[in-house]
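[1] sequence below, structure please.
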Amino acid sequence: MASEATPMMKQYHAMRRELPPGTFLLFRLGDFYEMFFEDARDASEILNVALTKRGDVPMCGVPYHAARGYMEKLLAAGRRVALCEQVGEVQAGKLVRREISRILSPGTLEDAGLEEKNHNFTVALLPPAKEGEVFGFACADLSTGEFRITELSNLDALLDEVVRVTPAEILAPEGRKNLLGDLPERLPFGFPPIEEVESYLFDPMAASELLTSHFKVHSLDGFGVSDLPRGVSAAGALLHYLTRILRRNASHLRSLHAYRQAEHLLLDAPTQTHLELVQSRAGRAMTLLGALDRTVTPMGARTLRDWILRPLVSPASISHRQDAIGLYVASPMKLGDVRELLRGVRDIERAVSRLSQSSGTARDLAVLAASLAAVPLIRNSLSFSDKGLLPEIAAALHPLSELTRHLESALVPEPPPTIRDGGMIRPRFDDSLDELRRASTEGKEWIAALQEQEIRRTGIKSLKVRFNAVFGYFIEVTTANLGNVPDDYTRKQTTAGGERFITPELKEMEGKILGAEERAKALEIEIFHRLRIAVLEQVIPLQETAASAGSLDALASLAETARLYSYSKPAVDDSTVLLIEAGRHPVLEQRPGGEAFVPNDTDLDALAHRMGIITGPNMAGKSTYLRQVGLLTVMAQIGSWIPATSARIGVTDRIFTRVGASDDLSKGHSTFMVEMNETANILHNASSRSLVLLDEIGRGTATFDGLSIAWSVAEYLHDITCSRTFFATHYHELPDLSRTRAGVRNLNVAVREQNDRIVFLRKIIEGAADRSYGIQVARLAGLPAAVVDRAREILTNLEKSELNAEGRPKLAGTRRKIPGAPDPTTELPLFG
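    From the prediction side, this is the model:
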């Protein structure tokens with residue numbers, strides 16, 4: 001078919017062969033992007049646009065001016081998009097030169113489609129090739145300049161990290177996806193499928209050479225990655241993918257940040273979900289991030305999210321953040337001042353990213369100018385503190401005064417959205433530009449004078465001198481006045497209401513005006529590129545400034561929340577204590593219109609009373625209390641103050657939760673299987689420094705089986721892992737564990753009975769509950785009165801252990817007829 005193809009289709013096929021598989025090629029034809037063959041068939045379904053044919057070639061197209069929305073839909077479907085642009089002059093009878101300008105992927109989505117408070121990571125995974133090897137892991141966000149690597153010991157750790165990063169795109173070596181085990185099936189709903197790329201991209205030597213070349217260094221040792229060889233391989237593959245396959249400019253990736261999971265409090269995938277740290281089905285407002293986020297900059301919002309998902313384990317580092325927050329809590333005026341100054345700081349990271357990838361505009365330069373103008377004021381506002389974290393932040397805020405003045409003197413206050421039409425550069429910034437603008441302005445004044453002159457000369461009062469992009473300048477005369485047109489007018493076009501003319505003088509002036517305007521636009525673009533280069537020479541200080549502003553904003557946000565809700569500063573140390581006085585749930589207490597939140601104490605110590613077994617009815621607040629303890633621990637270890645009267649919290653290495661469950665039938669997993677999988681993970685990985693929060697272990701199977709499992713799990717956590725543990729249960733036998741285990745304390749959620757009804761007091765008190773109040777809860781849930789009454793009869797029957805002739809409980813009890821039920825002695829009719 002290629003031999004019979006037209007020159008344009010040959011050009012199309014040549015472009016197509018350059019692209020990686022699974023990439024849509026959007027081929028520019030005039031005012032449309034066209035797609036052909038399989039691309040057209042697939043895209044027409046995804047975009048819901050008409051599929052047509054030209055000869056035997058299927059095709060569909062989208063308007064050039066509206067292409068962004070269509071591209072975002074294709075990217076959301078997990079596909080890549082290549083843009084092929086016309087770069088040559090359109091000449092009759094000749095093939096227009098075209099080039100692929102850029103390739104977009106879900107992980108390199110451009111800013112208009114991004115949530116400013118979140119990262120947009122692409123991840124590369126390198127599975128182990130043999131026993132004993134670890135997983136290599138690298139992630140990069142082209143929109144902010146982040147580039148991170150680590151290594152992970154097993155599949156569970158890999159899953160936890162992927163869920164924490166929440167990538168838009170995941171890459172793995174071709175033919176080795178099977179070495180990722182069941183990871184693809186375990187990724188939560190909404191995560192992208194794992195895409196295979198050529199395995200040679202992960203070659204360690206090639207990766208090292210590519211990275212050293214990119215960073216312009218002789219070795220990678222300065223990045224602290226010498227003990228992460230497989231992480232380096234993944235980073236090299238990721239950089240190759242971004243720069244060579246997607247052809248993206250990654251020059252703003254100026255550093256490689258190595259991290260190890262042990263440097264942070266580990267939050268596995270179930271824990272992130274159960275505690276609703278940054279995501280919730282009820283919406284962002286019902287997450288810990290939603291409760292704490294009062295940031296005023298995009299960098300601050302992204303920083304706070306990172307802190308919540310990567311809490312600290314160093315008491316000294318935690319204390320530095322706490323102290324900085326304390327300075328602002330103690331001085332609301334200083335807090336208000338710094339937050340107001342930070343409002344002037346825009347998204348520096350993404351503006352720099354756009355400019356480095358040649359997709360930036362004068363508006364990005366204006367963003368940087370405005371942001372940098374605020375930096376000296378912010379630095380001055382931090383001068384009240386001469387030690388701790390705030391002086392460190394101030395030192396990393398770079399005013400870049402010369403660049404700021406240069407940008408401010410060059411740019412108009414509100415630049416246009418594109419650079420192609422000019423209007424970006426201030427008057428008196430460039431003499432040549434001013435001269436061209438004068439020529440254009442004077443020409444337009446001459447045009448206005450010409451109109452007045454021709455009205456007087458012809459006597460045609462409705463005569464107009466107009467302009468459009470097709471015909472340029474022309475004189476417009478209505479049909480009624482055509483008899484008065486002078487002989488020196490040359491007819492150019494006939495319209496419905498009259499005719500259009502030109503004169504030699506008008507045509508000459510048109511050339512001068514348009515020539516001056518085009519040269520002015522070209523000069524503005526040249527000036528813009530000079531400004532862009534000046535910015536890119538300062539990428540590292542700009543990125544450091546953005547990171548520091550983000551940290552300051554996150555601290556100020558935590559201080560503002562602490563001030564608004566009367567938080568206190570917890571003591572965080574190396575002990576094994578978890579002692580909280582009058583702790584409150586940080587999310588629920590902010591819920592508008594809800595009941596007043598009841599504070600509760602917490603007292604655990606891995607060296608003493610390490611386990612609390614909590615009993616009490618459903619809806620009483622056991623699960624809420626477990627989540628509260630987990631959330632307050634996370635808050636304490638990100639350096640935040642917490643909603644409590646006081647607290648002492650020994651650093652936790654991991655938090656494990658088994659709180660709530662939902663069937664995963666699509667993957668063949670029942671509630672009980674999910675519960676057992678998560679429990680097994682806890683037992684294998686918990687330590688004496690871990691916090692374990694368990695809710696209703698064993699409820700998904702037969703009663704004795706469930707009780708046996710719950711009891712054995714509790715013993716193991718108490719005796720073997722020695723973890724600080726809260727264990728909520730409906731098994732009233734489980735509190736008996738305290739008789740043989742000195743480290744077990746029994747707790748229950750207090751209720752008050754009033755006229756056969758119960759009132760939930762939401763208070764955790766000493767001792768085991770003696771009743772479950774299940775029937776009262778059933779009545780609160782709205783079960784029919786007849787069902788509730790019958791349940792009470794059966795419960796009484798069971799509690800009295802009344803047996804029938806076969807030794808079974810007499811469940812018939814007092815046989816009262818349920819209203820509306822058929823008579824059980826009446827046989828059902830055969831035919832209805």
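[2] the stretch 651-800 of the chain: strands as residue ranges?
    654-658, 691-695, 724-728, 744-754, 757-766 (DSSP state E, counting those that start in this stretch).
[3] right, so the ones you listed: which one is the most enclosed?
    Between the strands of the stretch 651-800 of the chain, strand 724-728 has the highest mean count of neighbours, a mean of 27, where neighbours are mean count of other CB atoms under 10 Å. (Each C-beta comes from the backbone N, C-alpha and C, glycine too.)
[4] mind exporting the C-alpha coordinates of that strand to CSV?
    Below are the C-alpha coordinates for strand 724-728, written out as CSV (Å, rounded to 0.1, in the frame of the first residue of the first chain):
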residue,chain,number,x,y,z
ARG,A,724,1.7,-1.3,70.5
THR,A,725,-1.7,-2.6,69.6
PHE,A,726,-5.4,-1.7,69.8
PHE,A,727,-7.7,-4.6,69.1
ALA,A,728,-11.4,-3.9,68.7
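[5] contact partners of that strand?
    576, 578, 604-606, 610-615, 622-623, 625-626, 629, 652, 690-697, 710, 714, 717-718, 734 (CB atoms under 8 Å, 6 or more residues apart in numbering).
[6] ok, stretch 240-254 next?
    20, 80, 100, 102-105, 108, 122, 124, 140, 142, 145, 147, 171, 197, 201, 206-207, 210, 214-215, 239, 352-353, 356-358, 536, 539-540, 543.
[7] at 6 Å what do you get?
    20, 103, 105, 108, 145, 147, 201, 210, 352-353, 356-357, 539-540 (CB atoms under 6 Å, 6 or more residues apart in numbering).
[8] and of those residues, the nearest to residue 257?
    Nearest to residue 257 among those: residue 147, at 6.6 Å, using CB to CB.
[9] for the strand or helix carrying that closest one, name the packing helices and strands.
    Applying DSSP states H and E as the criterion places residue 147 in strand 146-152. Applying 3 or more CB pairs under 6 Å, 6 or more residues apart in numbering; DSSP states H and E, we find strand 146-152 packed against strand 135-141, helix 229-240.
[10] just the buried ones from the contacts of stretch 240-254?
    Buried subset of the contacts of stretch 240-254 (neighbour count, 16 or more other CB atoms under 10 Å): 103, 105, 108, 145, 147, 201, 210, 352-353, 356-357, 539.
[11] which pair in those residues spans the largest distance?
    201 and 352 (26.6 Å).
[12] now residue 558, nearest residue through space, not along the chain?
    residue 640 (4.7 Å; CB to CB, 6 or more residues apart in numbering).
[13] tell me the secondary structure for the one you found?
    Three-state call for residue 640 (DSSP: H, G, I helix; E, B strand; the rest coil): coil.
[14] that one contacts residue 559, correct?
    No. If you go by CB atoms under 6 Å, residue 640 and residue 559 don't touch, sitting 9.2 Å apart.
[15] looking at the two, which has the bigger crowd around it?
    When residue 640 and residue 559 are compared for neighbours, residue 640 comes out ahead with 31 against 27, by other CB atoms under 10 Å.
[16] quick one: that one from residue 464, how far?
    67 Å (CB to CB, to the nearest Å).
[17] any chance of the strands of the stretch 651-800 of the chain in a markdown table with distance to residue 180 and mean pLDDT as columns?
    Shown next, in a markdown table, are the strands of the stretch 651-800 of the chain (distance: least, CB to CB, whole Å; pLDDT from 0 to 100):
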| stretch | distance to residue 180 | mean pLDDT |
| --- | --- | --- |
| strand 654-658 | 23 | 93 |
| strand 691-695 | 28 | 95 |
| strand 724-728 | 32 | 95 |
| strand 744-754 | 40 | 86 |
| strand 757-766 | 42 | 81 |
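[18] what's downstream of whichever strand or helix holds residue 380, the next helix or strand?
    Using DSSP H and E, the element containing residue 380 is helix 362-381. The helix or strand immediately downstream of helix 362-381 is helix 389-395, counting by DSSP H and E.
[19] could you give the number of residues near residue 625?
    For residue 625, using other CB under 10 Å, the count is 27.
[20] make sure it is indeed in a helix.
    Yes. Under three-state DSSP, residue 625 sits within a helix.
[21] tell me the pLDDT of it.
    Looking at residue 625, its pLDDT is 95.
[22] cool, and the one 4 residues further on?
    According to the per-residue confidence, residue 629 scores 98 in pLDDT.
[23] and the one 10 residues further on, by the same measure?
    We note a pLDDT of 98 for residue 639 in this prediction.
[24] hmm, it is touching residue 319, no?
    No. With contacts counted by CB under 6 Å, residue 639 stays clear of residue 319, the gap being 7.8 Å.
[25] in stretch 74-81, which residues are buried?
    Result for stretch 74-81 [16+ other CB under 10 Å]: buried residues 74-75, 79-81.
[26] I meant stretch 783-797, not that one.
    Quick answer for stretch 783-797 (16+ other CB under 10 Å): 788, 790, 792, 794, 797.
[27] and for the closest residue to the third one other than its chain neighbours, the neighbour number?
    If I follow you right, that is residue 792. Once flanking residues are discounted, residue 792 sits nearest to residue 775: 5.6 Å by CB to CB, 6+ apart. Neighbour count of residue 775, defined by other CB under 10 Å: 20.
[28] so what's the residue count around residue 470?
    5.
[29] typo on my end, residue 739
    8.
[30] residues contacting residue 721?
    Taking CB under 6 Å, 6+ apart, one finds residue 686 in contact with residue 721.
[31] any idea how far it is from residue 178?
    33 Å.
[32] if we can go back for a sec, minimum pLDDT in the buried ones among the contacts of stretch 240-254, which residue is that?
    residue 108 (79).
[33] for the residue nearest the centre of the chain, report the pLDDT, please.
    Nearest to the mean C-alpha position of the chain, by CA atoms, centre = their mean, lies residue 118 at 3.2 Å. pLDDT, residue 118: 82.
[34] tell me which helix or strand it sits in.
    Going by DSSP H and E, residue 118 is not in any helix or strand.
[35] what about the helices in the stretch 101-250 of the chain?
    With DSSP state H, counting those that start in this stretch as the criterion, the stretch 101-250 of the chain has helices at 155-165, 183-186, 204-215, 229-240.
[36] and the third one, what does it pack against?
    For helix 204-215, the helices and strands in contact under the criterion 3+ CB pairs under 6 Å, 6+ apart are helix 229-240.
[37] for the helix it packs on, what is the average pLDDT?
    Mean predicted confidence for helix 229-240 is 96.
[38] which helix or strand lies directly C-terminal to it?
    strand 257-258.
[39] partner strands of that following strand, parallel or antiparallel?
    strand 146-152 (parallel) (DSSP bridges).
[40] type out the ChimeraX command that picks the buried ones from the contacts of strand 724-728.
    Selecting only the buried entries of those in ChimeraX, with 16+ other CB under 10 Å as the criterion:
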select :576,578,604,606,610,611,612,613,614,615,622,623,625,626,629,652,690,691,692,693,694,695,696,697,710,714,717,718,734
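[41] how about residue 276: what's its closest non-neighbour residue?
    residue 287 (5.0 Å).
[42] er, residue 489 I mean
    residue 501 (3.9 Å).
[43] show me the contacts for the one you found.
    475, 489, 491-492.
[44] output those residues as TSV; include the columns distance to residue 41, neighbour count and pLDDT.
    What follows is the contacts of residue 501, written out as TSV (distance: CB to CB, whole Å; neighbours: other CB atoms under 10 Å; pLDDT from 0 to 100):
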residue	distance to residue 41	neighbour count	pLDDT
475	52	24	96
489	55	19	94
491	50	12	94
492	46	15	92
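[45] farthest-apart pair in the residues you listed, please.
    Longest span within the contacts of residue 501, CB to CB: 475 and 491, 10.3 Å.
[46] before we move on, the earlier item: more neighbours, residue 639 and residue 319?
    More crowded of residue 639 and residue 319, by other CB under 10 Å: residue 639, with 25 against 19.
[47] what residues does residue 467 make contact with?
    residue 473.
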